[in-house]
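[1] Compute the structure for the input listed below.
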Amino acid sequence: AIQAVRIVNKRHDAVQGPGYSARDPALLLWVQATLVYSAIRAYRAFAGPLTEAEADEYYQDTKEIGLLLGIPRAMYPASLAQLEAYISAMVDSGEVTVGDDALALGRVVLQPRFPGVPRLALTPLRTITAGLLPAQLRDQYRLRWGRLERTTFAACTLLLPRLLKIAPSMIRYLPPARQAYRRLRWQPA
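    Numbering: from 1, shown residues only. Now for the predicted structure:
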């Protein structure tokens, strides 16, 4: 973890401009908040149920990483519910909006061009992303959210957890997770 933090901090040191630094604690908190929000929403949608207490425990654990990245403990909302209120306030106030750069980057991420792969094949990626985003940001990213997309997202939330349960660990777990389990001599669930 310490090695990963050093790498991230070194990368952040290089991202600076007039009035901007990637090491700004307020910006770091926003990024971490969105990661926590997304991880919990994705887990609940595609892995299984998670109680509010479990989700809050996860959030509390992630604060330790943020401290190492430079977010002062005092900046953190006390609970997951308060973190979600912080995210809503940032979006509702217009502090966070999808500008032209974010829109262009979103298209690159959600509609990558792979030779021989039809764009239609990536529709589930766009639909899952749209389903996990707050409605205002989904609209600002111009992601479709009609009946077809809502139905597809609902089908994914029903099918993917079942597929994950029967998929071999080589598919269910990313290589870094498998390495961590081996180091700890644990077997993935």
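
[2] show me what contacts the residue of the chain positioned farthest from its centre?
    Ranked by distance from the centre of the chain (C-alpha atoms, centre = their mean), the top residue is residue 116, with 28.2 Å. Applying C-beta atoms under 8 Å, 6 or more residues apart in numbering to residue 116 gives no contacts. Any C-beta I mention is one placed from the backbone N, CA and C, and that applies to glycine too.

[3] Going by residue numbers, what spans are strands in the chain?
    16-17, 20-21 (DSSP state E).

[4] helices or strands next to the first one in the packing?
    In terms of contacts (3 or more C-beta pairs under 8 Å, 6 or more residues apart in numbering; DSSP states H and E), strand 16-17 is not packed against any helix or strand.

[5] returning to that earlier point: quick check: which of the strands of the chain is nearest to residue 2?
    strand 20-21 (21.9 Å; C-beta to C-beta).

[6] For residue 145, which non-adjacent residue is closest in space?
    Closest residue in space to residue 145, ignoring its immediate chain neighbours: residue 130 at 5.4 Å, by C-beta to C-beta, 6 or more residues apart in numbering.

[7] try residue 35
    Residue 35 sits nearest to residue 62 (C-beta to C-beta, 6+ apart), 7.7 Å away.
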